[in-house]
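Enquirer: Provided below for reference: sequence and predicted model.
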Amino acid sequence: MSETAPWITYRPELKVLDCTIRDGGLINNHQFTDEIVRATYEACVAAGIDAMEVGYKNSPKQFPKDEYGPWRHCDEADLNRVFAGHDAKATGLKLCAMADAGKSDYRTQVVPRDESVLDMIRVAFYAHQVSEAVEMIAHFTELGYETTANLMAVSSIKDVEIDTVLTAIAPTAAGTMVIVDSFGHLYREQIDRLYKKYAKAMEGTGKEVGIHAHNNMQLAFANTIEAIILGSNRVDATMAGLGRGAGNCPMELLLGFLRNPKFRLRPVIELLQNHIFPLRATVDWGPTVPYNITGQLNLHPRAAMQFRASENPDEILEFYDEIISED
């Protein structure tokens, strides 16, 4: 047992996606320097990570360029400037962007795959937007991209809504159906139930089931592990958990857990020291008490984000009383 137990989590078909710049950009309006974005890319390549989500393909009409940085839109000029010479076959790393239903001018904003450094588009949507999501997946597939379907805020909708979404996504070309715990509200038992529901609905389609966890209750890593144990082969993480509000599953923890010799931790640690940790001087993220509260209450973390950006970010009792009275 001692010879085999350390490799229990090794599964060569399991793929890791880094979404540091995309999800992390939600705390600074995607105002990352080219240096940080490129350093993250190089760390992902050196660490053996399978995919990097570099930002959103969302509308500059809704997210004006004088307020939001280039990674909210991922224009081809910006992609080519920072990722010039990218070759997924040579590096082993695929580049992707996320397109939100209702927020992307996707029919005009996304060029054909052979004209872009991007390899994949991840379609994010709420349950009531599933029809648009299906259209987006078909469109991006026609353009030559790999696609995924990311149903957001799954903790806030009923089973019948989840079932409707899964039925609609099953026949599409999306390669992965992702469990997204947008509010950081889910516990292990709920991850179990959702994974089994997703997996059953995708049977026979060739689709993988993915996991994207938020860390409001400090369960993002644990819930990601649970999904992996159940069979999830597509998992998301970010460097130092950098992400909206409480952040995400930390990449440095995930790679250590996976026991796959293709993954190398040192490039990640180097990135943390030189580029990610210094961001704490100007931006706030991580599972502080306000995010814990919104996670427990199954609320969007926007109220906690506003509170943490206020003049009294440590008056947590005041925040608790306000949230409870509103709830």
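Expert: Structure received. Given the structure is predicted, the values throughout are model-derived calculations rather than measurements.
Enquirer: show me where the chain has its helices.
Expert: 20-24, 34-47, 76-82, 88-91, 106-109, 130-142, 159-169, 188-201, 220-230, 251-258, 266-271, 289-296, 302-308, 316-326 (DSSP state H).
Enquirer: from the chain's centroid, how far away is the third one?
Expert: Right, helix 76-82. Distance of helix 76-82 from the chain centroid (C-alpha atoms, centre = their mean, to the nearest Å) equals 21 Å.
Enquirer: buried residues, it. List them.
Expert: For helix 76-82, the neighbour count (16 or more other C-beta atoms under 10 Å) marks Asp78, Leu79, Val82 as buried. Quick note: C-beta positions are derived from backbone N, CA and C, even for glycine.
Enquirer: what average pLDDT does that helix get?
Expert: The average pLDDT within helix 76-82 is 97.
Enquirer: try the fifth one
Expert: In this model, helix 106-109 has an average pLDDT of 96.
Enquirer: nearest residue to Ala199 other than its sequence neighbours?
Expert: Val209 (5.3 Å; C-beta to C-beta, 6 or more residues apart in numbering).
Enquirer: touching, the one you found and Lys196? I think so.
Expert: No. Using C-beta atoms under 8 Å, Val209 makes no contact with Lys196, being 9.4 Å away.
Enquirer: give me the more crowded residue out of the two.
Expert: Val209 (23 against 13; other C-beta atoms under 10 Å).
Enquirer: report the contact partners of the more buried one.
Expert: 176-179, 195, 198-199, 202, 227, 231-234 (C-beta atoms under 8 Å, 6 or more residues apart in numbering).
Enquirer: same thing but 10 Å
Expert: 176-179, 194-202, 227, 230-234 (C-beta atoms under 10 Å, 6 or more residues apart in numbering).
Enquirer: before we move on, what about Leu242?
Expert: 19-21, 23-28, 40, 248, 250-251, 272, 276-277, 279-280, 283, 285-286.
Enquirer: reformat the helices of the chain as JSON lines; add distance to Lys65.
Expert: Putting the helices of the chain into JSON lines (distance: least, C-beta to C-beta, whole Å) gives the following:
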{"stretch": "helix 20-24", "distance to Lys65": "17"}
{"stretch": "helix 34-47", "distance to Lys65": "16"}
{"stretch": "helix 76-82", "distance to Lys65": "10"}
{"stretch": "helix 88-91", "distance to Lys65": "28"}
{"stretch": "helix 106-109", "distance to Lys65": "13"}
{"stretch": "helix 130-142", "distance to Lys65": "22"}
{"stretch": "helix 159-169", "distance to Lys65": "32"}
{"stretch": "helix 188-201", "distance to Lys65": "36"}
{"stretch": "helix 220-230", "distance to Lys65": "31"}
{"stretch": "helix 251-258", "distance to Lys65": "29"}
{"stretch": "helix 266-271", "distance to Lys65": "27"}
{"stretch": "helix 289-296", "distance to Lys65": "29"}
{"stretch": "helix 302-308", "distance to Lys65": "22"}
{"stretch": "helix 316-326", "distance to Lys65": "33"}
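Enquirer: thank you, goodbye.
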